[in-house]
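Colleague: Show me how the following folds:
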Amino acid sequence: MSTVADNILGAPPGISPKPSQPPLRAPSPSSGAPRAAGAQPATAPDFKAAKAAQGVWWAGLAAAVAWAGLALLTGLWPNKPAGFSEWAFTEEFAWGAGGVSALLLALTVLARPLAAVVRRVRAAGPWLVAIAVGLGVWEVFTAKLGTLPPPFFAPPQSLVEVYATDWPRLLESAGASIRLLALGIAIGAAAGFVTGVLIGWSRQASYWIHPVLRILGPVPTTALLPVSFYFFPSSWSTAIFLIALGTAFPVAILTWSGVAGVHKNFYDVARTMGASPWFLVLRVAIPAALPQVFVGLFMGLGAAFSTLVVAEMLGVKAGLGWYLTWAQGWAAYPNMYAALIVMALLFSGVITLLFVLRDRVLSWQKGVVKW
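Modeller: Residues are numbered from 1 along each chain as shown. You can find the predicted model right below:
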């Protein structure tokens, strides 16, 4: 009644009417018990990660069994005589496979205490199984049955012998290849980037440079090796020039395409705000063309790798290409296979580093540009 009277007659002077309060409601069953102070609700990714960590890592268990089988196969099955006493490091290879199996088994059994490690390697479970099976097939057809004739085909333990005994020469060759590759790619990427920006921005530069690129660009860099040896004082400088040339062509073409493809509305807005021509180039054209630039770099890496190997095999007296030629000349085929594996890992690492660089440089374009 007092509330109705207050609404009709008004509140007494000096006293403000009390706001109406909503009726109290009982907590719904879905709300659960009150959350403690400072407690944070568990997110969906955390819940999924915890659930995955508590479950059995079946792929890891299968990988542990596969590596244990490889260890037993290598250690218990005698090697077939191949014109010499024995394949070295057979026992060491078997123990190494057994160690990998024990490590994978530990990660499978101790999934909860080692949840962080398991989450990192869980996705590689099928690959761990495939690698063990592949090494087992390789071992059977080379060391055990001799189906693939030696010395042209060597078993996996022969590569262990190469890495254990000839690692200084392999390391020196890998270092020489990295230096040569880094210098050639850096020069070629810089030259191709500047050339592509010039062609895409200036019609006069495009008139003079574009025909040269169309004529010399498609020519394989390895075909220019004999001519380059004549003009450059050393085989090392020749290799740098050819690697740079192979890298510069795709970078220039893709940079030109990126700069020329920038929408003219971007330039119109910048000019309306008083932008200078240098600002248009540095802050509008180049950032918009960066995704295309990285595509050109990825394409140029393939040409740089092939040019590096050919140049080292034919002229440069250092590097992994030179090591391949040396191993082939002495019929040291295990050394050749070991160098090929090092080369594959090296080139894959370079591509991975370029991916990381691209993600850092183009982080501001995520969600805007589809990579």
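Colleague: Helices of the stretch 101-250 of the chain, start to end?
Modeller: Using DSSP state H, counting those that start in this stretch, the helices of the stretch 101-250 of the chain run over 115-121, 125-139, 156-165, 167-201, 203-216, 225-231, 235-260.
Colleague: so can I have JSON lines of the ones you listed showing distance to Ala304, mean neighbour count and mean pLDDT?
Modeller: Just so you know, the C-beta spots here come from the backbone N, C-alpha and C atoms, and that holds for glycine as well. JSON lines is the format used below for the helices of the stretch 101-250 of the chain (distance: least, C-beta to C-beta, whole Å; neighbours: other C-beta atoms under 10 Å; pLDDT from 0 to 100):
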{"stretch": "helix 115-121", "distance to Ala304": "31", "mean neighbour count": "14", "mean pLDDT": "80"}
{"stretch": "helix 125-139", "distance to Ala304": "28", "mean neighbour count": "17", "mean pLDDT": "94"}
{"stretch": "helix 156-165", "distance to Ala304": "26", "mean neighbour count": "19", "mean pLDDT": "91"}
{"stretch": "helix 167-201", "distance to Ala304": "5", "mean neighbour count": "19", "mean pLDDT": "92"}
{"stretch": "helix 203-216", "distance to Ala304": "16", "mean neighbour count": "12", "mean pLDDT": "86"}
{"stretch": "helix 225-231", "distance to Ala304": "14", "mean neighbour count": "13", "mean pLDDT": "81"}
{"stretch": "helix 235-260", "distance to Ala304": "5", "mean neighbour count": "24", "mean pLDDT": "90"}
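Colleague: could those go into CSV alongside distance to Phe305?
Modeller: Listed next are the helices of the stretch 101-250 of the chain as CSV, based on distance: least, C-beta to C-beta, whole Å:
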stretch, distance to Phe305
helix 115-121, 29
helix 125-139, 23
helix 156-165, 21
helix 167-201, 8
helix 203-216, 20
helix 225-231, 15
helix 235-260, 9
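Colleague: closest one to Arg360 among those?
Modeller: Proximity to Arg360 (C-beta to C-beta) singles out helix 167-201 among the helices of the stretch 101-250 of the chain, at 16.0 Å.
Colleague: mind checking which of the helices of the stretch 101-250 of the chain is nearest Phe294?
Modeller: Of all those, helix 235-260 comes closest under C-beta to C-beta, at 8.4 Å.
Colleague: how far is the helix or strand following that closest one from where the chain is centred?
Modeller: Sequence order places helix 264-272 as the next helix or strand after helix 235-260, per DSSP states H and E. Put simply, helix 264-272 sits 37 Å off its chain's centre (C-alpha atoms, centre = their mean, to the nearest Å).
Colleague: Ok, stretch 153-172 next?
Modeller: Distance of stretch 153-172 from its chain centroid, counting by C-alpha atoms, centre = their mean, is 25 Å.
Colleague: Give me the contacts around stretch 289-300.
Modeller: Residues outside stretch 289-300 that contact it (C-beta atoms under 8 Å, 6 or more residues apart in numbering) are 185, 188-189, 192-193, 196-197, 200, 246-255, 257-259, 261-262, 351, 354, 358, 361-362, 365, 369, 371.
Colleague: redo that, cut-off 6 Å
Modeller: Applying C-beta atoms under 6 Å, 6 or more residues apart in numbering, the contact partners of stretch 289-300 are 247, 250-251, 254-255, 257-259, 358, 362, 369.
Colleague: what's the offset of that stretch from the middle of its chain?
Modeller: 15 Å.
Colleague: same deal with stretch 73-92?
Modeller: Relative to the chain's own centre, stretch 73-92 is displaced by 36 Å; criterion: C-alpha atoms, centre = their mean.
Colleague: what does stretch 321-334 give?
Modeller: Centroid displacement of stretch 321-334 relative to its chain, using C-alpha atoms, centre = their mean, is 28 Å.
Colleague: Dump the C-alpha coordinates for that stretch into PDB.
Modeller: Provided in PDB are the C-alpha atoms of stretch 321-334 (Å, rounded to 0.1, in the frame of the first residue of the first chain):
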ATOM      1  CA  GLY A 321      78.000 -30.900 -54.000                       C
ATOM      2  CA  TRP A 322      81.800 -31.300 -54.000                       C
ATOM      3  CA  TYR A 323      81.400 -34.000 -51.300                       C
ATOM      4  CA  LEU A 324      79.000 -35.900 -53.500                       C
ATOM      5  CA  THR A 325      81.500 -35.800 -56.400                       C
ATOM      6  CA  TRP A 326      84.300 -36.900 -54.100                       C
ATOM      7  CA  ALA A 327      82.300 -39.800 -52.700                       C
ATOM      8  CA  GLN A 328      81.200 -41.000 -56.100                       C
ATOM      9  CA  GLY A 329      84.800 -40.900 -57.400                       C
ATOM     10  CA  TRP A 330      85.900 -43.200 -54.500                       C
ATOM     11  CA  ALA A 331      82.800 -45.400 -54.800                       C
ATOM     12  CA  ALA A 332      82.000 -44.400 -51.200                       C
ATOM     13  CA  TYR A 333      78.200 -44.700 -51.700                       C
ATOM     14  CA  PRO A 334      77.300 -44.600 -48.000                       C
END
